[in-house]
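[1] can't give you the sequence, but here's the structure:
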């Protein structure tokens with residue numbers, strides 16, 4: 001059984017908050033590659049940003065997601081990823097037409113159960129690292145709803161509940 005579990009879905013849907021709660025409960029967590037890249041690029045004056053050079057940004061996200069998977073091998077028990085390789089490969093495929101889901105994502109599987117946060121307009125917000133609007137976030141969510149099952153994953157859409165209830169839901173689903 002694969003211990004690497006992806007929490008993905010719509011931007012602004014509460015993924016990072018859920019991962020923080022799972023980490024607080026003692027599980028391994030991996031921060032979203034995109035957020036880390038944006039912070040690094042903004043600090044260094046780089047151009048691999050989604051609003052400047054989308055393909056360069058997602059290529060960095062692919063590389064970071066692969067490195068994250070390798071680093072997570074040392075963790076015991078569940079390791080929860082805030083997005084990851086499949087999200088980056090899906091974005092790369094969407095932007096460039098490259099068959100990234102097959103060539104990059106399929107050889108590096110995660111747990112068969114993937115959790116997606118649905119669009120949640122009431123909590124959605126932009127910030128210096130997330131500049132895209134809700135429409136772009138929903139379009140990405142819809143692509144992910146297709147990409148994960150196409151690769152054989154079972155998608156569970158998370159309920160719009162509080163963070164503790166969401167964490168209980170994830171852990172309870174994995175325990176079954």
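    Sure thing, it's come through. All values reported here derive from a predicted model rather than from experimental measurement.
[2] Centre of the chain to the helix or strand bottoming out on mean pLDDT in the chain, how far?
    Lowest on mean pLDDT, DSSP states H and E among the helices and strands of the chain sits helix 134-150, with a mean of 88. Distance of helix 134-150 from the chain centroid (Cα atoms, centre = their mean, to the nearest Å) equals 11 Å.
[3] And stretch 31-39, by the same measure?
    Here stretch 31-39 shows a centroid-to-chain-centroid distance of 10 Å under the convention Cα atoms, centre = their mean.
[4] What residues sit buried inside that stretch?
    Applying a neighbour-count criterion of 16 or more other Cβ atoms under 10 Å, one finds 31-34, 36-38 buried in stretch 31-39. (Glycine included, C-beta is placed from N, CA and C.)
[5] Ok, stretch 70-86 next?
    Under the neighbour-count criterion of 16+ other Cβ under 10 Å, stretch 70-86 has 72, 78-86 buried.
[6] now for the lengthiest helix in the chain, which elements pack on it?
    If you go by DSSP state H, the chain has its longest helix at helix 54-72. Judged by 3 or more Cβ pairs under 8 Å, 6 or more residues apart in numbering; DSSP states H and E, the packing partners of helix 54-72 are strand 28-30, helix 33-44, strand 79-82, helix 85-96.
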